[in-house]
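S.K.: build the 3D model from these lines:
(chains A and B)
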Amino acid sequence: MKKSVFLGALAVSGIAAGAASAATLEDVQARGELNCGVNTGLVGFAAPDANNNWQGFDVELCRAVATAVLGDPDAVTYVPLTGKTRFTALAAGEIDMLSRNTTWTFTRDNDLKFEFVGINYYDGQGFMVPRELGVTSAKDLDGATVCIQTGTTTELNLADFFRANNISYEPVPIETNAEAQQQYLAGACDVYTTDASGLAATRAAFENPGDHVVLPEIVSKEPLGPLVRHGDNEWGDIVRWTLNALVSAEELGVTSANVAELANGTDNPEINRLLGTEGGLGEMIGLENDWAKNMLEVTGNYGEIFERHIGENTPIGLARGLNAQWTDGGLLYSPPFR
Amino acid sequence: MTVMTDPPRESFRLSMLLNDTRYRSYTFQFIALIALFLFIGWLISNAAQNLEDLGQDISYGFLGESAGYDINQRPIEYNSQDSHLRASIVGVLNTLIVAFLGCITATVLGVVAGVLRLSNNWIVAKLMAVYVEAFRNVPVLIWILIIFSIMTVSLPGPRAFRGEDPSSSMLFDAFAFTNRGVYAPKPIWESGSMIVVITFLLSILAIFAYRAYAKKLLYDTGRLLPTFWPSIAIFFVPTILMFFILGRPISLEYPELRGFNFQGGMQIRGSLIALWFALAIYTGAFIAENVRAGIMAISKGQTEAAASLGLRPNRIMNLVILPQALRVIIPPLISQYLNLTKNSSLAIAVGYMDITGTLGGITLNQTGRAIEAILLLMLFYLTISLSISAIMNVYNNSVKLKER
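M.R.: Numbering: from 1, shown residues only, chains lettered A, B, ... in the order given. As a prediction, the model looks like this:
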């Protein structure tokens, strides 16, 4: 009996996975909703606001894709996922795309059969400690108790960092950011480690953010980006070029304020191709020609999204740093719209 | 003279499979069996087909690869360079630790609460009723989280023990209760300590031997030897004597605040305590009801008969009621043990690294081998459940009513 129940479950999951590999664009359009996987709650990146509307840097990408594909930024069903559940949800077809500060790694791309379509935030793993401990370097953390979110790359980086520096630590695995915050504030762990952006966002939500310091060491490369399933290249292209359009728009000076005006035609052929007045690029990925224009009207370009949710004028207060345009000394570099 | 002849044997005909009631049931069972096999076969082939479409294969090669993550509670040597298999074994041991501790504590709690619920003392009986109803009717996950949160929030952090005038201090300079767990002294086994341990084990055997002798003497001659104080004496005296004769080969390592944490000694982590207590009091409430049911199943006449023989209430319970009640209590007790063991998989809620947390959690997540990991998990829980039930069945056979 037990066996048959299990095999039944196996088969059902198999059916779900099989169905999911069909054309995602058609599924989304038929459904009229985009299922987008986001963080369970990380202020600035993805968190519901007081009116229960999802807000944040990662959420804007879901809204951008929904606008490009369905013409409606609110036609999104947000599926909050933990570090552990996110890949299963994507593989099983529960969500169409995952926009949840997920690190692009070789095994995730190849062994887990996912397709990272780009990088929307260049990050690295950092450590946060209470200021009263007087710790100034992560190498002073010998014997410390460290809270980590389980099922993430940080877990592995942490083990590598402490082993490489030959110091000991006690890991406390935690399921979500909210629980980790509670444990850290209660003093059940000395250190909280996750991506530096996540630390800044978490600290911003504290009662006294000034009582906590983020240590200078960044112990890993964490290129965060949206991802889709392997095997549906058309859908992957749509999400990839949505992200590229946001980045290109900033480089070309297209903002939510001037996009309507620029869409009447400009002297710059690249802007014209991006906004669909020239070239018919939208049709090549199965969308309307003015998809990027509609999207930029709603979300604004990459820089606007950054400043609105996590920039220096927000409580999270992240500098552009590596996430500036390549022309400003950052790493953001979109392939040309041509 | 009459000759007895057998009635002519009717030879088997194919139509009898449908017409003859003797064979008809076989026919239908056979058809049902074929249908079941076909259904299972279809499920397997469907799953295999879909996996193939996704380009995934079933392979256990990942178990040999380096795990890359650390585990806080390690009953055996383990570091992040060891294989996923070893990480899984650490998880298995952690599951067994919490299941073992939980079953023992739950049994003690359950038997005490079950007996007290039948007490003639109104307050005691009602208090036990409140315990049973409160814990039986709230999901165990909630209890795990409640106990864990209370520990985290109400107990002091190790930092509170620091400084000239610390806000917290250690109990007897040996136990520290912190929100990271309880730190206790750890025995250090030096040479000669084995002799002390063997002495201790022998003295436990001696207690049983003495009690058997006292019982035999009672039955043969009617002379009642005291058992309680001699048992205590046999328990302590030889071991303590041997301990001092050999020059105290077992010493204690006390926990000491160094750096961020208490170092040395033995740490019982908050996650283990929360899980252990929650499982024990939750399952204990169910066991209490089983015990109560078992006792109430024994006719009141037994109590009255024993009382009329002049037995005191304590003895009535121990010598007359409980031995008979065990026959009723043991079978449901087995399923409570199984429940407790399976409920221990909720460990991930408090970050206790059991088998579900290592193999079914981090390993599954880092390797993406979901089907393989879940299959192994199922195999493990199945094996452990069947083992518990086999052991308990042996015990049940020894206490059940002997039918001759």
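S.K.: from memory residue A:206 sits against residue A:185, does it?
M.R.: Yes. In this structure residue A:206 lies within contact range of residue A:185 using CB atoms under 8 Å: 7.2 Å. All C-beta atoms are positioned from the backbone trio N, CA, C, and that covers glycine.
S.K.: among those two, which residue is more densely surrounded?
M.R.: Legend: neighbour count by other CB atoms under 10 Å in any protein chain shown for residue A:206 and residue A:185, higher for residue A:185 (17 against 14).
S.K.: contacting residues for the more buried one?
M.R.: Residue A:185 sits next to residue A:206 when contact means CB atoms under 8 Å, 6 or more residues apart in numbering or on different chains.
S.K.: look up how far residue B:369 lies from it.
M.R.: 36 Å (CB to CB, to the nearest Å).
S.K.: in three-state terms, how would the spatially most central residue of chain A be classified?
M.R.: Relative to the mean C-alpha position of chain A, the nearest C-alpha, by CA atoms, centre = their mean, is the one of residue A:101, at 3.3 Å. Three-state call for residue A:101 (DSSP: H, G, I helix; E, B strand; the rest coil): strand.
S.K.: check residue A:265 too.
M.R.: Quick answer, by three-state DSSP: residue A:265 is coil.
S.K.: wouldn't it be in contact with residue A:276 here?
M.R.: No. Applying CB under 8 Å, one finds residue A:265 not in contact with residue A:276, separated by 10.8 Å.
S.K.: who has more neighbours out of those two?
M.R.: Using other CB under 10 Å, the more surrounded residue of residue A:265 and residue A:276 is residue A:276, with 20 against 12.
S.K.: so who does that one touch?
M.R.: Applying CB under 8 Å, 6+ apart, the residues contacting residue A:276 are A:263, A:282, A:288-293.
S.K.: cutoff 10 Å now
M.R.: A:263, A:282-283, A:287-294 (CB atoms under 10 Å, 6 or more residues apart in numbering or on different chains).
S.K.: starting at the chain centroid, how far to whatever helix or strand residue B:97 lives in?
M.R.: In the assignment (DSSP states H and E), residue B:97 maps to helix B:84-117. Helix B:84-117 sits 4 Å away from the centroid of its parent chain (CA atoms, centre = their mean, to the nearest Å).
S.K.: for whichever helix or strand comes after that helix, name the packing helices and strands.
M.R.: Of the helices and strands lying after helix B:84-117 in sequence (DSSP H and E), the nearest is helix B:122-136. If you count contacts as 3 or more CB pairs under 10 Å, 6 or more residues apart in numbering or on different chains; DSSP states H and E, helix B:122-136 packs onto helix B:84-117, helix B:270-296.
S.K.: so which of these is nearest residue A:46?
M.R.: helix B:270-296 (27.8 Å; CB to CB).
S.K.: helix B:84-117 and that closest one, what's the angle between them?
M.R.: Computed by axes from the mean of the first three to the mean of the last three CA atoms, to 10 degrees, the angle separating helix B:270-296 from helix B:84-117 equals 40 degrees.
S.K.: can helix B:270-296 be found next to chain A?
M.R.: Yes. Contact of helix B:270-296 with chain A (CB under 10 Å from any CB of the partner chain) involves B:270-271.
S.K.: which parts of that helix are buried?
M.R.: Residues of helix B:270-296 classed as buried by neighbour count (16 or more other CB atoms under 10 Å in any protein chain shown): B:270-292, B:294-295.
S.K.: where do the strands sit along the chain?
M.R.: Picking chain A for this. A:34-39, A:47-48, A:54-55, A:76-81, A:97-103, A:114-116, A:121-123, A:125-130, A:144-149, A:169-174, A:191-195, A:212-214, A:222-229 (DSSP state E).
S.K.: chain B is the one I meant
M.R.: Under DSSP E, chain B gives strands at B:176-178, B:181-184, B:186-189, B:250-253, B:256-258, B:261-263, B:266-269.
S.K.: need the contact list for the residue in the stretch 101-250 of chain A positioned nearest to chain B.
M.R.: Closest to chain B within the stretch 101-250 of chain A is residue A:187: 3.2 Å, counting by CB to the nearest CB. Residue A:187 makes contacts with A:130, A:145, B:152-153, B:155-160, B:178-180, as judged by CB under 10 Å, 6+ apart.
S.K.: likewise for residue A:158?
M.R.: Contacts of residue A:158 (CB under 10 Å, 6+ apart): A:125, A:127, A:146, A:148, A:152, A:169, A:171, A:191, A:193-194, A:219-220, B:68-70, B:80.
S.K.: my read: residue B:57 touches residue B:51, true?
M.R.: Yes. Applying CB atoms under 10 Å, one finds residue B:57 in contact with residue B:51, separated by 7.3 Å.
S.K.: higher neighbour count, those two?
M.R.: residue B:51 (18 against 10).
S.K.: quick one, what contacts the nearest residue to residue B:97 once chain neighbours are set aside?
M.R.: In space, and not counting its chain neighbours, residue B:97 is closest to residue B:75: 6.7 Å by CB to CB, 6 or more residues apart in numbering or on different chains. Residue B:75 makes contact with B:89-90, B:92-94, B:96-97, according to CB under 10 Å, 6+ apart.
S.K.: who wins on neighbours among those residues?
M.R.: Highest count within these by other CB under 10 Å belongs to residue B:94, 27 neighbours.
S.K.: tell me the pLDDT at that one?
M.R.: Per-residue pLDDT puts residue B:94 at 93.
S.K.: now do residue A:71
M.R.: On the pLDDT scale, residue A:71 gets 90.
S.K.: ok, so what distance separates residue B:337 from residue B:279?
M.R.: Using CB to CB, residue B:337 is found at 11 Å from residue B:279.
S.K.: go on, residue B:295?
M.R.: Residue B:295 is 24 Å from residue B:279, by CB to CB.
S.K.: and residue B:379, by the same measure?
M.R.: Residue B:379 is 22 Å from residue B:279, by CB to CB.
S.K.: hmm, residue A:307 and residue A:313 touching each other?
M.R.: Yes. Using CB under 10 Å, residue A:313 is in contact with residue A:307, at 6.5 Å.
S.K.: so for the two, which sits in the more crowded spot?
M.R.: Between residue A:313 and residue A:307, residue A:307 has the larger neighbour count (other CB under 10 Å), namely 15 against 8.
S.K.: for residue A:327, which residues are in contact?
M.R.: A:250-251, A:333.
S.K.: possible to save the strands of chain B as a markdown table with mean pLDDT and distance to residue A:93?
M.R.: Converted to a markdown table, the strands of chain B look like this (pLDDT from 0 to 100; distance: least, CB to CB, whole Å):
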| stretch | mean pLDDT | distance to residue A:93 |
| --- | --- | --- |
| strand B:176-178 | 83 | 45 |
| strand B:181-184 | 84 | 42 |
| strand B:186-189 | 79 | 51 |
| strand B:250-253 | 77 | 54 |
| strand B:256-258 | 77 | 52 |
| strand B:261-263 | 79 | 45 |
| strand B:266-269 | 85 | 38 |
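S.K.: the ones you listed: which one's closest to chain A?
M.R.: Nearest to chain A among these is strand B:261-263 (5.6 Å), distances taken as CB to the nearest CB.
S.K.: and residue A:96, how far is that from residue A:236?
M.R.: 11 Å.
S.K.: now do residue B:140
M.R.: 43 Å.
S.K.: check residue B:398 too.
M.R.: 65 Å.
S.K.: rewinding a little: farthest pair within the contacts of residue A:187?
M.R.: Pairwise over these, using CB to CB, the maximum falls at A:130 and B:155, 17.5 Å.
S.K.: compare those two (neighbour count), which wins?
M.R.: residue B:155 (20 against 17).
S.K.: is it true that the more buried one touches residue B:182?
M.R.: Yes. At 9.0 Å, residue B:155 counts as touching residue B:182 under the criterion of CB under 10 Å.
S.K.: tell me, what's touching the two both at once?
M.R.: B:176, B:270.
S.K.: on that earlier part again, most neighbours among the contacts of residue A:187, which one is it?
M.R.: residue B:180 (28 neighbours).
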